[in-house]
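Undergrad: show me the folded form of this:
(chains A and B)
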Amino acid sequence: MSIFRFRVFQQYFSQKFRSFAEYPLNFSMTLFWSFFSLLVFYFFWSLVFSKGNVPNYNLSKIILYYLFVLGLQYNFDFVKDIRRSIIDGTIIQSIVRKISLEEYFIYRGLSNFFVWRLVPFFIVLIVGIYFLGVSALFGMLIFLLGVIVGILVYCLLISLSFWTGENWALSAIIDEIIVLSSGGILPLDLFPVFFQVLLIDYLPFNLMFFIPAKVFLGDIAVSGFLLIKYLLWILALYLILKFVVKRGLRKYEQLGG
Amino acid sequence: MANNQILVENVNKTFWIPDKAEGFLPKLKNIFIRKKKDKKAISELSFSIKEGELVGYIGENGSGKSTTIKMLVGIYPPTSGIIKCLDKDPFEERLDYVKDIGVVFGNRSLLTYDIAPKYSLDLYAAIYDIPAKKAVEIYTGFSKRLKVEHLLDVPVRKLSLGERMKFEIIASLMHKPKIIFLDEPTIGLDLLAREEIILFLKEVNEKNKTTIILTTHNMDDIEELCDRVIIIDDGKKIYDGPIKEVKKAYVSWKRITVIHDAELKKFKHNFEIFEEKKGYLQFKCPNEKLKATISQLVDCFDIVDLRIEEPQLKEIVKKIYVDKVVKTK
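TA: Take a look at the predicted model:
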């Protein structure tokens, strides 16, 4: 069976979009919240810059960084939904269909991203091109590769539930670590050197937000090396996910009817 | 054996469940290191099912019937023993195997709640690689047959339980499975919806030779749909055979109903009475006393109507559960 079946993805996307269209207020509230958070960061960083300088950034640059990161943040509700389905057993509806679980997780994640983040994606792109020029376009394209990395990372987080059952506290902690390590709270080049090396050179999370944001800002150029790094991490995470799901299913015990 | 679609041999399934600790320190330790104990759900289970059979798989709550079904559809591997369905290991060869089976879990919906069922059916068509046009033809045909065609565009949340279940069954049949597993498909349904579903499943079985495995607590479903019944208790098979034979094996009495105008003489008996009211008497009569009792009834009552009936399957199964009589073939 092929790894990616476009027609199946299209159907998951269409389902997600139709469900989402039933509750349009959720979308406007989420959009409002993203940009409200940006306002809070604006006040905070204005205060920081009024007291002194920050290496690598000026105020407008840091605000554009947060526009990118907060506007495109995907705190996936699909993670919560699928985790819940593993715990309460409704995931078995997917186990008995002709679809592998990793394929199912990925379609759910991608359709969730495109439904929730397509409008903010174009807002960030237009604002980015207006202020930063063509680097914004490259940043957005690299960000799409980062989304695949992010979805695979979150799928691994979901798969933990096969072992831990009800683990919302653990999941919440790991989720926060992922957001922090991806540059979602603070740019990684403002971290102490040890953490910068660890997070940028050895872990994949930076590929989700930090690297695309730096390309967006024009601080990093898109290179063959960067693209290969993305592709290798995507391949590695996919293979790990396949292995983990296989082991998880063997471990999965959901008693009762 | 040739022609077997499902073969289960000496299957055992053991789950790990958390063991409660007693006392403060053991409880504290249990937070970090979970104590676990075994729970044997299935014990030395063996049976085989041939193509086109209609089999009822029944047991009390917690008897292991859902666990068996979950092993047969590839959700759990057995702890030991062999399961072969359509010549495949359901767990190890899951993706190759599930394309030929249909599964309906009565208490777990596969339809997306907020949108119309036709979109969920389109998704399942894509998953099973059914061309879009053909899929519409298939589900429209099934919907017409089950009288829910007009509901294809109505959001699932606005459908009744029976209507939802009809769409669940349609979804599980779209790819023409060779075996259908139905786990409590009529749970909570009204009489009409239940009858329509049972009739539809019978038709599918007759037309396509589809094997049907039905687990339910509703013995009427089993009696109306199945030819064979497997009864499981505490993870062990306690009966496997035709429904007719289970009746023969366990029934030593008949239900007699008398509707009468007047009682001419006092009807003396020591039978168990099911119901008694003015002009109506229903009681349980042992087979060996049947002839004498009928004569006595004719003698005692001005009879308007007299019915002599076999007990229903549910009464027999209740007796089996109570007696825990082992009558394994």
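Undergrad: every contact and neighbour count from this point should use C-alpha atoms.
TA: Fine.
Undergrad: longest helix of the chain?
TA: Using chain A. In chain A, taking DSSP state H as the definition, the longest helix is helix A:101-132.
Undergrad: the intended chain is chain B.
TA: Ranked by residue count under DSSP H, the longest helix found in chain B is helix B:191-208.
Undergrad: and that helix, what does it pack onto?
TA: Here helix B:191-208 touches helix B:161-173, helix B:219-225, going by 3 or more CA pairs under 8 Å, 6 or more residues apart in numbering or on different chains; DSSP states H and E.
Undergrad: can you give me the neighbour number for residue 96?
TA: Defaulting to chain A. Residue A:96 has 23 neighbouring residues, counting by other CA atoms under 10 Å in any protein chain shown.
Undergrad: please refer instead to chain B.
TA: By the criterion of other CA under 10 Å, residue B:96 has 14 neighbours.
Undergrad: tell me the pLDDT at the nearest residue to residue B:193 once chain neighbours are set aside?
TA: Nearest non-adjacent residue to residue B:193, counting by CA to CA, 6 or more residues apart in numbering or on different chains: residue B:162, 5.6 Å away. In this model, residue B:162 is scored at 90, pLDDT.
Undergrad: verify the stated contact: residue B:162 with residue B:196.
TA: No: here residue B:162 does not reach residue B:196: they are 9.7 Å apart, not a contact under CA atoms under 8 Å.
Undergrad: those two: which has the busier surroundings?
TA: Each of residue B:162 and residue B:196 has its neighbours counted (other CA under 10 Å); residue B:162 has more, 21 against 16.
Undergrad: show me the contacts for the more buried one.
TA: Residue B:162 makes contact with B:186, B:189, B:190, B:193, B:194, according to CA atoms under 8 Å, 6 or more residues apart in numbering or on different chains.
Undergrad: which of these are buried, as a PyMOL select command?
TA: Burial among the contacts of residue B:162 is assessed by 16 or more other CA atoms under 10 Å in any protein chain shown; the matching PyMOL selection reads:
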select buried, chain B and resi 186+189+193+194
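Undergrad: so which residues on the stretch 51-200 of chain B come close to chain A?
TA: Residues of the stretch 51-200 of chain B lying near chain A by CA under 8 Å from any CA of the partner chain: B:62, B:66-67, B:73-77, B:94-96, B:98-99, B:103, B:105, B:108-110, B:112, B:114-115, B:119-120, B:122-123, B:126-128.
Undergrad: for the chain, which segments count as helices?
TA: Because you didn't say which chain, this covers chain A. Ranges of helices within chain A are A:6-22, A:24-51, A:59-72, A:77-88, A:92-95, A:101-132, A:134-159, A:161-164, A:168-181, A:193-196, A:210-217, A:224-251, based on DSSP H.
Undergrad: that's the other chain; I wanted chain B
TA: B:24-32, B:65-72, B:94-97, B:117-127, B:132-145, B:161-173, B:191-208, B:219-225, B:243-250, B:290-300, B:313-323.
Undergrad: give me the angle between the longest helix of chain B and helix B:161-173.
TA: Interaxial angle, helix B:191-208 versus helix B:161-173 (axes from the mean of the first three to the mean of the last three CA atoms, to 10 degrees): 10 degrees.
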